[in-house]
Every structure is written in C-alpha cells, then in structure tokens.
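# kindly return the folded structure for what I paste below:
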Amino acid sequence: MVFEARVESAITIHAWNADRTLLAVCPNDNTIAILKVPTAEPLDGPWERVATLSEHDALVTGIAWAPTSNKIVTVSQDRNAYVWTQVGGEWKPSLVILRIAAAATSVQWSPGEEKFAVGSGAKVVPVCYYEAANDFWVSKMIKDHSSTVGAVAWHPTAPILATASFDCRCRVFSAHLRNIDGKEATTPWGAAAKFGTLLYTYEAYGWVLDVAFSAAGWLRAPSLPPLSLAGSLTLALSLLLSLARSLLLSLSRSRALSRSPALPLSPRPLARTSPLSARASPLPAHQPPRSPSPLGPSLAPSLPRTLPPSL
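Next up is the predicted model:
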C-alpha cells in the first residue's frame, strides 16, 4: 500500500514516530510539519497537518524522533538545535548549547535517548545531554576530523559513535559520558574508553555520505564493505597488501631506470657554457658534423657526443 502526502515544496528530511502514525517532514525551509497518517477509510485520503515546529532561522538539515521518550530533536543550517517535547498537545522547544561555527548536517539519538550526536560542517561532533540544574542541553565535542561530518550513528548496545566524513574516512569513537553512562560502563570489547578516544579509522574511496550499525553491532558505510570492529584485522591486511603492491611497483620502476644507459662522465668538469654559445661555436676539427636533432634546434644537445682526444 502506498501513502501519499502533498507539501508546498520538496521534502529535505523526515522522521517517523514509534508507531508510524505521525511523520515529521521539513518542506525545504526552516520549519517542520507534523503530519498524521490516515487511519480511517479511505486510507489513501489526505494527511492532516497536526503541528508546525518553527524555531529555526535556516534550512532544517536533521530530524530525530526518540521512540520511547517521544522527544524530537532538530538541527539546522543556522547552527542551532532544539529538543521538542509534547506538552498538552503542543510541542515546546528546549534550548541546546551546540557551540559550532558552521551548519549542522545531521542528528541521531543514542539508544538510551539520554544524549544525541550532531554532525556538522565545523569538523566536530557535539554530543549533547540534558543538565537539569540549568534546564537546558549542553554539548561535549568529538574532534579528529579534517572535513565536514555528514552523518553519525550510535552502536546499539555501547557508548560508541561512528561518524561519516567528507575527508573520505569513517571513524569510530568512544562517546562515554561518566555522568550519563556511569563510571563502570562496558562495551563488547572491554571497558569504555575515555570520551572522544578514536578507536578505529576506515579509509574510503570518496566522501562518506552515511554510516549505520546493524542490530548486532556491525558497521556499514558507503564505499566500504560491511565491517565489525573485530574485523579490523581483515581491513588492515588489505591495506598492507595494497602498500606492498605499491612498493613492488616502485622497485620495478627503479630497476628499469638503473638499466637505462647512462651518459659518459668526464674525468674533469667541463666549462659551463650556455646552449646558445655552444651551438654558435665551431665544432672541433676531429669531430664529424652532428646530424640535426629530431627535437628541433632549441632542444638539441649542447655538449659534444664524444670527448676530444686531448682529454
């Protein structure tokens, strides 16, 4: 069955609620429309717009709808983020201290819905969590990127975050926050590392546009084969083989150059003369005239082909 809903313009981003009865869409502007899926006959009837979220000043680039808490987080090119909570049928925004100097590109809730990560054009990933004492969301930065971070993904069972960057790399970081995850948080590979620790880097063949973990914790990104963290040895082996091929190619080129005939060396240095003066000077009497150079007079060799007998 195909459902269809019309908006005023193109849809740039969307997100479903937990039971797929509501859909949040950005109609290519700075607002988010909440649409209700038709439940009565006919099911292909018009969708009802039940709310409009309008707090951003520029194009909305990311929407994430938490399935358990029913909170919506939105990010925009205005470098801001808002967490929306439904109170009495109305959606109320909460302030997020994002602290980025370029546009936000994407957003994802963590599995526990206590924090979320934001991709950005500022080459950093803010990991945001709620501070009850101040009644707003604050952020802590993950760095080590050299270009825009276009997408982020959380591991399903551990405080681990994967990022997709336009620097042709997919990275895996520790996103462990002691005040949120606890001091003794563990992962399938041992104790959780310090926040922001770079665990793995995967080389791609172009911009990495998206990244995702499977339910079992396998990592998947465009331009990369499906990889698990435990399977990094296979990737390392393939990179070593590629390096070995490059070294063999360089060695074969060096051998080919060494086999080429070298110019004869004179026992003492020759006087430095310009090419023009060398061509204008008469040839020694013992040397036959040179045939014209096939490369033209400007590229003709300036030194005699054989040394005089006196040398």
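# can you give me the helices in the stretch 51-200 of the chain?
Secondary structure of the stretch 51-200 of the chain (DSSP state H, counting those that start in this stretch): helices located at 178-181.
# so where's it uncertain?
For the stretch 51-200 of the chain, no stretch has pLDDT under 70.
# swap in 90 and give it another go.
88-89, 95, 132-135, 182-191 (pLDDT under 90).
# got the residue ranges for the strands in it?
Listed in chain order, the strands of the stretch 51-200 of the chain (DSSP state E, counting those that start in this stretch) span residues 60-65, 72-76, 81-87, 90-95, 104-109, 115-120, 125-131, 136-142, 149-154, 160-165, 169-174, 186-187, 190-191, 198-203.
# which one of these lies closest to residue 210?
When those are ranked by distance to residue 210, counting by CB to CB, first place goes to strand 149-154 at 4.6 Å. Just so you know, the C-beta spots here come from the backbone N, C-alpha and C atoms, and that holds for glycine as well.
# and the closest one, which strands flank it?
strand 160-165 (antiparallel) (DSSP bridges).
# ok, residues contacting the partner strand?
Contacting residues not belonging to strand 160-165 are listed as 117, 119, 125, 127, 142, 145-155, 170-175, 187, 199, 207-213, 219, 221-222 [CB atoms under 8 Å, 6 or more residues apart in numbering].
# try it again with 6 Å
Contacts of strand 160-165 with the rest of the structure, by CB atoms under 6 Å, 6 or more residues apart in numbering, involve 117, 125, 145, 147, 149-154, 170-173, 175, 208, 210-211, 219, 221.
# for ChimeraX, what selects the buried ones among the residues you listed?
Selection of buried members from the contacts of strand 160-165 for ChimeraX, criterion 16 or more other CB atoms under 10 Å:
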select :117,125,145,149,150,151,152,153,154,170,171,172,173,175,208,211,219,221
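# burial count for residue 217?
Burial of residue 217, expressed as a neighbour count using other CB atoms under 10 Å, amounts to 17.
# residues in contact with it?
Counting by CB under 6 Å, 6+ apart, residue 217 makes contact with residue 155.
# would you confirm that residue 125 contacts residue 142?
Yes - here residue 125 reaches residue 142: they are 4.2 Å apart, a contact under CB atoms under 6 Å.
# can you report how many residues lie near the nearest residue to residue 208 once chain neighbours are set aside?
Closest residue to residue 208 in three dimensions, ignoring its sequence neighbours and counting by CB to CB, 6 or more residues apart in numbering: residue 164, at 4.0 Å. As a burial measure, residue 164 scores 28 neighbours (other CB under 10 Å).
# any idea how far residue 164 is from residue 54?
When distance is defined by CB to CB, to the nearest Å, residue 164 is 29 Å away from residue 54.
# one more: residue 176?
As defined by CB to CB, residue 176 lies at a distance of 35 Å from residue 54.
# quick one, which of those two is more surrounded?
Per other CB under 10 Å, whichever of residue 176 and residue 54 has more neighbours is residue 176, with 24 against 13.
# I figured that one hits residue 194, correct?
No - in this structure, residue 176 is not within contact of residue 194 by CB under 6 Å, at 7.1 Å.
# tell me, what's the model's pLDDT at residue 33?
Here, the pLDDT recorded for residue 33 equals 95.
# report the angle between the strand or helix carrying it and strand 81-87.
Assigning secondary structure by DSSP states H and E places residue 33 in strand 32-36. Going by axes from the mean of the first three to the mean of the last three CA atoms, to 10 degrees, strand 32-36 is angled at 40 degrees with respect to strand 81-87.
# using TSV, please lay out the strands of the stretch 51-200 of the chain together with distance to residue 38.
Supplementary listing: the strands of the stretch 51-200 of the chain in TSV, determined by distance: least, CB to CB, whole Å:
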stretch	distance to residue 38
strand 60-65	19
strand 72-76	21
strand 81-87	21
strand 90-95	21
strand 104-109	27
strand 115-120	30
strand 125-131	35
strand 136-142	34
strand 149-154	31
strand 160-165	35
strand 169-174	39
strand 186-187	43
strand 190-191	49
strand 198-203	43
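# nearest to residue 27, of those?
Among the strands of the stretch 51-200 of the chain, strand 60-65 comes nearest to residue 27, with 9.3 Å by CB to CB.
# got the angle between the closest one and strand 72-76?
Per the same axes, to 10 degrees, the angle that strand 60-65 makes with strand 72-76 is 170 degrees.
# in its sheet, what does strand 60-65 sit against?
Each strand paired with strand 60-65, and its direction, by DSSP bridges: strand 72-76 (antiparallel).
# fine, thanks again, bye for now.
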